[in-house]
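>>> Curious how this folds, go ahead:
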Amino acid sequence: MKKAVLAVVTGAAVVAAALVPSGPAVQAATVASAHTAPRGFGSALSSVEQSSWQTNASVNSVAVAGDLVFAGGLFTRVRPPGKARGVSDVARKYFVVLNRTTGVPTRFAPQVNGPVWSVATSPDGHWVVIGGDFTAVNGVPRSRVAMFNVATGKLVSGWDPVVNFRVAALKITDKTVYLGGSFGQVDKMARSRLAAVTLSTGTLLPWSPDANDDVHAIEVSTDGDRVFVGGGFTRIGGRNDHALAMLNATTGAVLPMPAIAAIPPRSEDCDSQVKDLEVQGNKVFAANAGSGIGCYDGVLAADATTGKLIWQSNCLGATEAIKAIGNWLYKGSHAHDCSSDGGFPDKTGMHHLLVYSTITGKLGPWFPNTDAGGETLVGPLAFASGGNDLWAGGDFTEVNGVPQEGLTRFTSAPGGAAPARPAAPKVASARANKVTISFPTVLDRDNLTLTYLLYRGSTRIGSWSRTSNSWTTPTVTTVTDSRLTSGQGLSYHLEVSDGRNVRKSPTAKVKVR
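Here you go, the predicted model:
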């Protein structure tokens, strides 16, 4: 006997009704084909954290070169994943180098005598530069900045610019190392918070934009012609530009950047500073952290040539780190209210790890999380990527509810987080020869849209694509299975798939009226 299935989708009220044809006569319950990537996650990365050693205090900066990961911060020791502080740890004061594949520390272990606040690698991967508060490396004088040979791990002899205060931002091009921070002099020459030295010798260059307050981030356009700087300044290069500027890479002259108008001017009630920058193709992204209630904490995208605003996110909760991978911009923050962007409202908890579409600026399908359990109570502070992974450093002590301090990583390895296990569908037979079945949507940490397959015994009787968010009421789908035999005993179950992982509900039984 042919059987008809009627599906009704409801949230707070009925949204739609559609006639869904029954499945083949016999179709066993198997893995579903979801409307998502076959890797099991919807963005470039899985939300499942991968194994990595951890630190005993904050990681302030991370960089990648080849199969090595460089992390600098306030920590003094590192330890294996799953270990508590002081267990199986080894000394790595302020700087550690790990294998990018295994997450295990390498023998590259220079002795740095003060905190590291910035790390950068050269485009060819041959050199790594660190900046911070230190004055010596391996017992050799190095004033707040030092360079290492990546292949040998040795401090580069003779490359020794003398900076008189903290170096908090670094960017390396083929020929130049750009420095930013809180300093006022380099090699006894006036350089207010921004400077440039040669990559080959460390010789100070004339480039001197002169910012009136701290610089937190530096990036360079893809063609190398323009330098983007972010920080807390309100004046740079003789212009009254706040928090963000686009500069000529050779002369340091300030170039027009209309997107700056998207950042509110400094006031007694609001000081929004750019904490991180990212360049991808002809786009530059800026991440802001604001002090003051409701002060701008969001992310903006601008044209890297014209400086015009492309899109802007206005989530509240300071943004500290961003990294673009493919068409996705990953964000580290303590976001707590994205209602202005159509996302989660306030009082839904802290969302420390998020992703945006680089094209539209809309929130995407990636919701792992950390806590903010360290010294500064912020969470993620720094990102780095080799193209198919994301290394996150910060002051967190947990990742996805599991103890992991200071450093973690996510990759594009197939798998992803599985959907939550669905409950048994609700079934009833209130009318002759019919059974009504209903089921709510479930959540998946790295997919918004899942496929729901409903089975009567081993026969699939319907398939639905449904989207759900943790901050919205689950959508309920109600199905009427018709033309059944009175007195018949039937069982129903649901399978939810993200394209790779399948979760099966318990079985619900009913007797047809």
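>>> Tabulate the CA atom coordinates of stretch 282-301 in PDB.
These are the backbone C-alpha positions of stretch 282-301, laid out as PDB (Å, rounded to 0.1, in the frame of the first residue of the first chain):
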ATOM      1  CA  ASN A 282      43.000  43.000  -1.900                       C
ATOM      2  CA  LYS A 283      41.200  43.100   1.400                       C
ATOM      3  CA  VAL A 284      42.500  44.200   4.800                       C
ATOM      4  CA  PHE A 285      40.700  43.200   8.000                       C
ATOM      5  CA  ALA A 286      40.900  45.100  11.300                       C
ATOM      6  CA  ALA A 287      40.000  43.700  14.700                       C
ATOM      7  CA  ASN A 288      39.000  46.200  17.500                       C
ATOM      8  CA  ALA A 289      38.700  46.100  21.200                       C
ATOM      9  CA  GLY A 290      36.800  48.900  22.900                       C
ATOM     10  CA  SER A 291      36.900  50.100  26.500                       C
ATOM     11  CA  GLY A 292      33.600  51.400  27.700                       C
ATOM     12  CA  ILE A 293      30.100  50.000  27.800                       C
ATOM     13  CA  GLY A 294      28.900  49.300  24.200                       C
ATOM     14  CA  CYS A 295      32.200  50.600  22.700                       C
ATOM     15  CA  TYR A 296      33.000  49.200  19.300                       C
ATOM     16  CA  ASP A 297      34.600  45.700  19.600                       C
ATOM     17  CA  GLY A 298      34.000  44.500  16.000                       C
ATOM     18  CA  VAL A 299      35.700  43.600  12.800                       C
ATOM     19  CA  LEU A 300      35.800  45.500   9.500                       C
ATOM     20  CA  ALA A 301      36.900  44.700   6.000                       C
END
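>>> lowest confidence element among the helices and strands of this structure?
strand 14-20 (a mean of 30; mean pLDDT, DSSP states H and E).
>>> after that one comes which helix or strand?
Following the chain from strand 14-20 toward its C-terminal end, the next helix or strand by DSSP states H and E is strand 49-50.
>>> Partner strands of that following strand and their direction?
Its sheet considered, strand 49-50 pairs with strand 407-411 (antiparallel) by DSSP bridges.
>>> ok, residues contacting the strand it pairs with?
45-50, 52-55, 59, 62, 69, 71, 103, 368, 370, 388-393, 396, 399 (C-beta atoms under 8 Å, 6 or more residues apart in numbering). Bear in mind the C-beta positions are built from the backbone N, C-alpha and C, glycine included.
>>> hmm, which of the residues you listed are the buried ones?
For the contacts of strand 407-411, a neighbour count by 16 or more other C-beta atoms under 10 Å gives the buried set as 45-50, 52-55, 59, 62, 69, 71, 103, 368, 370, 389-393, 396, 399.
>>> Could you list which of these belong to strands?
In strands, defined here by DSSP state E, the members of the buried ones among the contacts of strand 407-411 are 49-50, 54-55, 59, 62, 69, 71, 389-393, 399.
>>> Greatest separation within the residues you listed: which pair is it?
With C-beta to C-beta as the measure, no two of those lie farther apart than 55 and 389, at 18.2 Å.
>>> Give the bridge partners for the nearest residue to residue 203 once chain neighbours are set aside, please.
Counting by C-beta to C-beta, 6 or more residues apart in numbering, residue 203 lies nearest to residue 197, which is 6.1 Å off, once chain neighbours are set aside. Beta-bridge pairing of residue 197, defined through DSSP bridges, involves residue 177, residue 204.
>>> I figured residue 197 hits residue 175, correct?
No - with contact defined as C-beta atoms under 8 Å, residue 197 does not reach residue 175; the gap is 10.3 Å.
>>> quick one on the thing from earlier: would JSON lines of the ones in strands among the buried ones among the contacts of strand 407-411 with pLDDT and distance to residue 484 be doable?
Supplementary listing: these in JSON lines, determined by pLDDT from 0 to 100; distance: C-beta to C-beta, whole Å:
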{"residue": "49", "pLDDT": "98", "distance to residue 484": "47"}
{"residue": "50", "pLDDT": "98", "distance to residue 484": "48"}
{"residue": "54", "pLDDT": "98", "distance to residue 484": "57"}
{"residue": "55", "pLDDT": "98", "distance to residue 484": "61"}
{"residue": "59", "pLDDT": "98", "distance to residue 484": "60"}
{"residue": "62", "pLDDT": "98", "distance to residue 484": "59"}
{"residue": "69", "pLDDT": "98", "distance to residue 484": "59"}
{"residue": "71", "pLDDT": "98", "distance to residue 484": "62"}
{"residue": "389", "pLDDT": "98", "distance to residue 484": "51"}
{"residue": "390", "pLDDT": "98", "distance to residue 484": "50"}
{"residue": "391", "pLDDT": "98", "distance to residue 484": "55"}
{"residue": "392", "pLDDT": "98", "distance to residue 484": "53"}
{"residue": "393", "pLDDT": "98", "distance to residue 484": "58"}
{"residue": "399", "pLDDT": "98", "distance to residue 484": "49"}
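>>> Which of those sits closest to residue 327?
Top of the list for closeness to residue 327, among these and by C-beta to C-beta, is residue 390 at 14.5 Å.
>>> separation between the closest one and residue 472?
To residue 472, residue 390 is 26 Å away according to C-beta to C-beta, to the nearest Å.
>>> and what of residue 343?
Distance from residue 343 to residue 472, counting by C-beta to C-beta: 10 Å.
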